[in-house]
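What follows is a predicted protein model with its sequence.
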Amino acid sequence: MHKKGLRAKPLLLVEALATRNDSGLGNMARLFTDGLRRLAEKADIKVILRESGGYRPSYPCETILVRPRPIRFWTQVAFPLIIRRLAPDGVLCLGQNLPAWRPAGRYALAIPDAGPLENLGWATSSHDPYNRRWLTRMAPKADSILTISGFTKLRLISLLGIPPDRIQVVLPIRPSSMNGGLDAMSAQASQGSHPQGDYFLSLGNLEPRKNFPGLIAAYAELKHRRSDAPPLYIVGHKAWGHGEIQAAIARHGLSESVRLTDYLSDADRSAHVAHCLAYVSSSLYEGWGLPLFEALALGRPAIYHAGSSQEEFARGMALAVDCGDPGALSRAMEALWTDPGERARLAGCLREGFGKRLAYDLEGGLSAALSPLLGL
């Protein structure tokens, strides 16, 4: 008898290799994996994780630990062999690793943003000519696509020609069952280390679309007007935009005022966010904008790029600025630093409206999106 016929509940196999906290893909993979708790009441779930990674799901489920090296060989050979051996009813690919050879079953692919399809060399790394070809060829073959914002859904429809009903939006908001939700974020922040005194903060891998040279230029204008401006901390892995950012710091003579921290632990990252004077999301392109969301969830005054996907949750509760204009960004940073009335206004908007965002049911969204994949 086929393995599926022996199971009391359908089986969902989850590929969750990308679970570090230093990328949008990694944060989505963590949140979606933890958000499967409710679906686990109706289905058996097996999660494939890196043996060397520190992340483990927050609810009881079977984990399969692997060493996916080299990654493309693992994706196209080892991963399909695991699928063939387990014969799951559905496969959820959270690392954008939909294999070319797909044993029988139904497949859902999670895509955090359409960056690889948008502008090679700006939105993506030097590896993404491959990723662009892969997404163009393979994403339309998935039975279902999960993404994290209405903005990204529209871009995927436009760039890949996928029918709207095959793309489900599931917001990457931390579920309340995930170790206490927002309370856990606050508790985690209390355990981490952070700079003393006032400071501006921005988070993201050091890559071109994050617009960190533009942020540094804006900060330089502020520093020119006010030499006592608080320092700027940029938290993120040293990716392919690192050299350009270092050059911008040197060009503006800001080596004592702009601090690049590189990768931080979850606790230190949360502590940096919780204690900053203001959070600046200078990024020109986001799939959704989880760091900004976390900053707002922790009550920090913030700035984001006007017209970006971040408006789906930040409109009216943070300053919308053309972050491609250093002068405009500089003035907004100065306002959040020097104008207590503006900070109080944003704080009031957060108290009034942000609870509706936090109330989003991630577990319910994932259960609704994946149940058809499992025949539920």
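Good, I have the coordinates. Numbers count the residues shown, from 1 in each chain.

buried ones in stretch 301-313?
301, 302, 303, 304, 305, 306, 308, 309, 310, 311, 312, 313 (16 or more other CB atoms under 10 Å). Where you see a C-beta, it was placed from the backbone N, CA and C, and this is true even at glycine.

and the first one, what does it touch?
So that's residue 301. By CB atoms under 8 Å, 6 or more residues apart in numbering, residue 301 lies in contact with 277, 278, 279, 318, 319, 336, 342, 343, 346, 347.

Roughly how far does it sit from residue 167?
34 Å (CB to CB, to the nearest Å).

next one: residue 45
Following CB to CB, the distance that separates residue 45 from residue 167 is 23 Å.

So for those two, which residue has more residues nearby?
Counted by other CB atoms under 10 Å, residue 45 and residue 167 do not tie: residue 45 has more neighbours, with 26 against 21.

looking at it, the more buried one is touching residue 35, isn't it?
No: with contact defined as CB atoms under 8 Å, residue 45 does not count as touching residue 35 (11.4 Å).

would residue 279 count as being in a strand?
Yes: counting by DSSP: H, G, I helix; E, B strand; the rest coil, residue 279 is located in a strand.

separation between it and residue 314?
Residue 279 is 11 Å from residue 314, where distance means CB to CB.

Quickly list what's touching both of these two.
The contact sets of residue 279 and residue 314 overlap at 292, 302 (CB under 8 Å, 6+ apart).

helix, strand or coil for the nearest residue to residue 314 once chain neighbours are set aside?
If you skip the residues right next to it in sequence, residue 314 has residue 304 as its closest partner in space, 5.4 Å away by CB to CB, 6 or more residues apart in numbering. Taking three-state DSSP as the rule, one finds residue 304 in the strand state.

Give me the pLDDT value at residue 304.
On pLDDT, residue 304 comes in at 97.

which residues does it contact?
Neighbours of residue 304 in contact, by CB under 8 Å, 6+ apart: 281, 289, 292, 310, 311, 314, 318, 319, 320, 321, 323.

do residue 224 as well
With contact set as CB under 8 Å, 6+ apart, residue 224 has no partners.

Same check on the one 5 residues further on?
Applying CB under 8 Å, 6+ apart, one finds that residue 229 lies in contact with 219, 222, 223, 257, 334, 337.

The third one touches residue 254, doesn't it?
When you say that, I think you mean residue 223. Yes: using CB under 8 Å as the test, residue 223 is close enough to residue 254 to be in contact (6.9 Å).

what are the bridge partners for residue 305, then?
With DSSP bridges as the criterion, residue 305 is bridged to residue 321.

Next, work out how far apart it and residue 18 are.
Distance from residue 305 to residue 18, counting by CB to CB: 24 Å.

again, but for residue 324
Going from residue 324 to residue 18 by CB to CB gives 29 Å.

Compare those two (neighbour count), which wins?
The residue with more neighbours, out of residue 324 and residue 18, is residue 18; 22 against 13, by other CB under 10 Å.

Give me the spatial nearest neighbour of the more buried one, chain neighbours excluded.
Residue 18's closest residue in space is residue 95 (CB to CB, 6+ apart), at 4.1 Å.

For that neighbour, report the pLDDT, please.
Per-residue pLDDT puts residue 95 at 85.

what's near enough to touch it?
So residue 95 contacts 15, 16, 17, 18, 25, 29 (CB under 8 Å, 6+ apart).

and residue 204, what does it touch?
210, 212, 234, 235, 236, 283, 291.

quick check: longest helix of the protein.
Assignment by DSSP state H gives helix 340-358 as the longest helix of the chain.

Going by neighbour count, which residues of that helix are buried?
For helix 340-358, burial by neighbour count (16+ other CB under 10 Å) applies to 343, 346, 350, 354, 357.

Next, work out how far apart the last one and residue 285 are.
Same thing as residue 357. For residue 357, the distance to residue 285 - CB to CB - is 21 Å.

quick one: least confident helix or strand in this protein?
helix 182-191 (a mean of 62; mean pLDDT, DSSP states H and E).

Which one of residue 223 and residue 254 is surrounded by more residues?
Counted by other CB under 10 Å, residue 223 and residue 254 do not tie: residue 223 has more neighbours, with 21 against 18.

Kindly confirm my reading that that one is in a strand.
No: under three-state DSSP, residue 223 sits outside any strand and is assigned helix.

Skipping its backbone neighbours, what lies nearest it in space?
Nearest to residue 223 is residue 229, by CB to CB, 6+ apart, at 5.1 Å.

Make sure that neighbour is indeed in a helix.
No: assessed with three-state DSSP, residue 229 is coil; it does not lie in a helix.

quick one: it from residue 358, how far?
Residue 229 sits 32 Å away from residue 358, going by CB to CB.

How about the secondary structure of the residue nearest to residue 266 when sequence neighbours are not counted?
Leaving aside its sequence neighbours, residue 266 sits nearest to residue 21 (CB to CB, 6+ apart; 5.6 Å). For residue 21, the secondary-structure state derived from three-state DSSP is coil.

Check residue 146 too.
With three-state DSSP as the criterion, residue 146 reads strand.

Next one, pLDDT for it please.
Note on residue 146: pLDDT of 97.

Once you drop chain neighbours, what's closest to it?
Nearest residue to residue 146, sequence neighbours excluded (CB to CB, 6+ apart): residue 110, at 4.4 Å.

if I read this right, that neighbour contacts residue 32, doesn't it?
Yes: using CB under 8 Å, residue 110 is in contact with residue 32, at 6.2 Å.

Following the chain past whichever strand or helix holds residue 26, name the next helix or strand.
In this structure, residue 26 sits in helix 24-34 according to DSSP states H and E. Per DSSP H and E, the first helix or strand lying C-terminal to helix 24-34 is strand 44-50.
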